[in-house]
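[1] Based on what follows, work out the 3D shape:
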Amino acid sequence: MIRVVIVPPEEPAYIKEIENDLQTMQEIVGGYIEVTKLTQGINIICNEEGLIKKLPKNVHLPWLVGTVFLVSSEIEGDGEMVGLKKSTAENWKNCINCGVLVD
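    Below is the predicted model of the structure:
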C-alpha cells in the first residue's frame, strides 16, 4: 500500500492508501496513466488520454483534466512507486484545498 493525495476535478483533495499496482492507478484516473513531475520529489499521475476523452477541467490544478493523484517521485529498487510521507500528504492536501496552486 502507498499513501497518495487524490485530487478529483470538482471535489476536495483527500489522502488515501492505495494498492501499488497499475490496475488501481488506472481505476483512479479512469484510463491509461501518465506520470508527470510536479515539483522536486512529487509526481502527478493523470489520465494519458484525458484531453482526448474530454475529461472535466480539474479546478484545483487547472492545467490538468480529470481525477489525478500525487505520489513521491522516488522509485524503489524494483521499479515500484513510493507513497508520500504522512506530513507531506497533509501539506499537499491542504495546499490544494485552500487554492494555493490555482493560477
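[2] residue contacts, the closest residue to residue 68 other than its chain neighbours?
    Distances taken as Cβ to Cβ, 6 or more residues apart in numbering place residue 46 nearest to residue 68, at 4.4 Å, with adjacent residues excluded. Where you see a C-beta, it was placed from the backbone N, CA and C, and this is true even at glycine. Residues near residue 46 by Cβ atoms under 8 Å, 6 or more residues apart in numbering: 29, 33-34, 36, 64-66, 68.
[3] Who wins on neighbours among the residues you listed?
    In terms of neighbours by other Cβ atoms under 10 Å, the contacts of residue 46 top out with residue 68 at 28 neighbours.
[4] pretty sure that one is in contact with residue 59, am I right?
    No - using Cβ atoms under 8 Å, residue 68 is not in contact with residue 59; the gap is 11.8 Å.
[5] Narrow the contacts of residue 46 to those in strands?
    33-34, 36, 68 (DSSP state E).
[6] before we move on, back to that, now the residue nearest to residue 68, what's its secondary structure?
    On the three-state scheme (DSSP: H, G, I helix; E, B strand; the rest coil), residue 46 is labelled strand.
[7] What does the pLDDT read for it?
    We have a pLDDT of 96 for residue 46.
[8] Look up which residues are beta-bridged to it.
    Residue 46 has these beta-bridge partners by DSSP bridges: residue 34.
[9] Give me the residue at the spatial middle of the protein.
    For the chain, the residue nearest the mean C-alpha position is residue 69 (1.2 Å; Cα atoms, centre = their mean).
[10] From residue 8, how far off is that residue?
    10 Å (Cβ to Cβ, to the nearest Å).
[11] Could you list the low-pLDDT ranges of the chain?
    100-103 (pLDDT under 70).
[12] need the helices for it, in chain order.
    For the chain, applying DSSP state H gives helices covering 22-29, 86-97.
[13] Residues in contact with the shortest one: which ones?
    Think helix 22-29. Residues from elsewhere that reach helix 22-29 (Cβ under 8 Å, 6+ apart): 6, 18, 32-33, 45-47, 50, 66-69.
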